[in-house]
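Colleague: Need coordinates for the below:
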Amino acid sequence: MKKSFSIWVVALLVLALAGTLGYAQWFGDQTPSAPVTAEVQRGDLSSLVTATGILQPSDHVDVGAQVSGQLEVIHVEVGDQVKAGDLLAEIDPTVYLAQVDASRAQLRNQQAQLKDRQAQLTLARIQHQRQQRLMAENATSREAVQSAEAGLHSAQAQVEALKAQISQTESSLRADEANLDYARIYAPMDGTVVSIDSRQGQTLNTNQQAPTLMRIANLATMTVQARVSEADVNRLTPDMKVYFTTLGDARRRWHSRLRKVEPTPVVENNVVLYNALFDIDNPEGRLMTQMTTQVFFVQAEAHDVVLVPVSALRFASPEQVDRARVKVLNADGQTEPRTVQLGVSDRIQAEIISGLEPGERVVLNLAAGTGDQSERRPRMRMRF
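Modeller: Reported below is the predicted structural model:
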């Protein structure tokens, strides 16, 4: 009995102590604290759409081989500057040179045959005219006239057939000469050699797939390919201001204007992204291919305007975003409500068109948009 009585006494003491601590904690939290405020200031503000991007040459071409053969020599290296028409590489021309020689020899043979056929045609024409004169004088037979006429037609046909063969040979010769010329590969544009995909001595086979030897790009103008999320793409408009920084130099800003947004999206890890493209001059060559960029599209901007933190704003409804209410701390340390008209805003600050002056202090809403700190409901915390 004494043991049970002792246990009950200890339990009652613990409960009493817990109640005392809870009461103190509850009423301790009711002590009003000074509201957190921020000063209204002047400054610049931009509403931005951010994205990451990749730098690409604005213009490039993959230089390939149009004929098969062994790549004898490559005259350039990666990084070389080339002009349109510069010799880049050479393929062994032995086979194509032999084909050109054979076609030229065949053409000369056919041209000689044509001269012989034309001489025979001239003779056949003379014989036909003689037989016609003799027929007019009844000095020959009709069969002789007909035979001369047939010989004339045959000679004409042989000349025409040989001319057709010569035309065919000339066409083949042009193709052979073109293939011989293709064995020497020239630069199709001015630019920089940014990659070489083939090696000297390599055998190229164009029958299966046109091999790519190298890529030439114009690095004087670069294109930024920015990936914009589907939630932000509708905020972009053509010719809007845009700037970006690179990972290597985050302090320098490169400025341009949006050229276009490609309509076909790219889906990466179930995220829908759209390519926004804009160009940038690169006279010093500091921007390089495949550099990662941090892109900022300027949707709106304001300079030397009145600014307050967004956390000081309270909206009556989600639809009315051009007006808001703030609590201003007066000279007596009391808060008074005031309605303000808003301008440009971002996630941190908002422009105040009217309703506040620089130097005033506004109460920050630290309770996730439901009132200032003094309006939060006290929370009972029990400590044992």
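Colleague: what does the domain assignment say about the protein?
Modeller: For the chain, the structural domains run 37-49+304-371, 93-182, going by automatic domain parsing.
Colleague: I'd like these as JSON lines, with mean pLDDT and mean neighbour count appended.
Modeller: Using the backbone N, CA and C atoms, a C-beta is placed for each residue, glycine as well. Listed next are these as JSON lines, based on pLDDT from 0 to 100; neighbours: other CB atoms under 10 Å:
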{"stretch": "domain 37-49+304-371", "mean pLDDT": "87", "mean neighbour count": "16"}
{"stretch": "domain 93-182", "mean pLDDT": "94", "mean neighbour count": "15"}
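Colleague: For the nearest residue to Gly69 once chain neighbours are set aside, list each beta-bridge partner.
Modeller: Leaving aside its chain neighbours, Gly69 sits nearest to Ile91 (4.2 Å; criterion: CB to CB, 6 or more residues apart in numbering). The residues listed as beta-bridge partners of Ile91 by DSSP bridges are Leu71.
Colleague: Make a markdown table from the domains of the chain and add distance to Ile280 to it.
Modeller: Written out in a markdown table, the entries for the domains of the chain read as follows (distance: least, CB to CB, whole Å):
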| stretch | distance to Ile280 |
| --- | --- |
| domain 37-49+304-371 | 18 |
| domain 93-182 | 36 |
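Colleague: which SSE is the residue positioned nearest the centre of the chain in?
Modeller: With distances taken as CA atoms, centre = their mean, the chain has Gln225 as the residue nearest its mean C-alpha position (3.8 Å). Here Gln225 sits within strand 212-229, counting by DSSP states H and E.
Colleague: Give the pairing partners of the next helix or strand after that strand; include direction for each.
Modeller: Counting by DSSP H and E, the next helix or strand C-terminal to strand 212-229 is strand 241-246. Looking at strand 241-246 with DSSP bridges, its partner strands are strand 254-257 (antiparallel), strand 292-309 (antiparallel).
Colleague: Mean neighbour count, those strands: which tops it?
Modeller: Among the strands paired with strand 241-246, strand 292-309 has the highest mean neighbour count (mean count of other CB atoms under 10 Å), at a mean of 18.
Colleague: okay, the angle between it and strand 212-229?
Modeller: Angle, strand 292-309 to strand 212-229, by axes from the mean of the first three to the mean of the last three CA atoms, to 10 degrees: 20 degrees.
Colleague: who does the helix or strand following strand 292-309 touch, helix- and strand-wise?
Modeller: Following the chain from strand 292-309 toward its C-terminal end, the next helix or strand by DSSP H and E is strand 323-329. The criterion is 3 or more CB pairs under 8 Å, 6 or more residues apart in numbering; DSSP states H and E, and the helices and strands that strand 323-329 contacts are strand 335-345, strand 361-363.
Colleague: now the angle between strand 323-329 and the longest one, please.
Modeller: Angular relation of strand 335-345 and strand 323-329 on a 0 to 180 degree scale: 130 degrees, by the same axes, to 10 degrees.
Colleague: which other helices and strands contact whichever helix or strand comes after strand 335-345?
Modeller: Proceeding N to C from strand 335-345, the next assigned helix or strand is strand 349-354, under DSSP H and E. The contact analysis (3+ CB pairs under 8 Å, 6+ apart) places strand 349-354 against strand 41-64, strand 292-309, strand 335-345.
Colleague: do you know which of the ones you listed lies nearest Val194?
Modeller: Judged by CB to CB, the one of the helices and strands packed on strand 349-354 that comes nearest to Val194 is strand 41-64, at 7.2 Å.
Colleague: State the helix or strand in which Glu160 lies.
Modeller: If you go by DSSP H and E, Glu160 is part of helix 142-182.
Colleague: so where's the longest helix in the chain?
Modeller: Criterion DSSP state H: the longest helix present in the chain is helix 94-136.
Colleague: I'd like the distance from it to the chain centre, please.
Modeller: Using CA atoms, centre = their mean, to the nearest Å, the distance from the centre of helix 94-136 to the centre of the chain it belongs to is 61 Å.
Colleague: With stretch 182-192 instead?
Modeller: 24 Å.
Colleague: In that stretch, which residues have enough neighbours to count as buried?
Modeller: For stretch 182-192, the buried set under the neighbour-count rule, 16 or more other CB atoms under 10 Å, comprises 182-183, 185, 187, 191-192.
Colleague: Greatest separation within the residues you listed: which pair is it?
Modeller: In the buried residues of stretch 182-192, the most distant members under the criterion CB to CB are Ala183 and Thr192, with 24.5 Å between them.
Colleague: on that earlier part again, possible to save the helices and strands packed on strand 349-354 as JSON lines with distance to Ala161?
Modeller: Formatted as JSON lines, the entries for those read as follows, by distance: least, CB to CB, whole Å:
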{"stretch": "strand 41-64", "distance to Ala161": "40"}
{"stretch": "strand 292-309", "distance to Ala161": "68"}
{"stretch": "strand 335-345", "distance to Ala161": "84"}
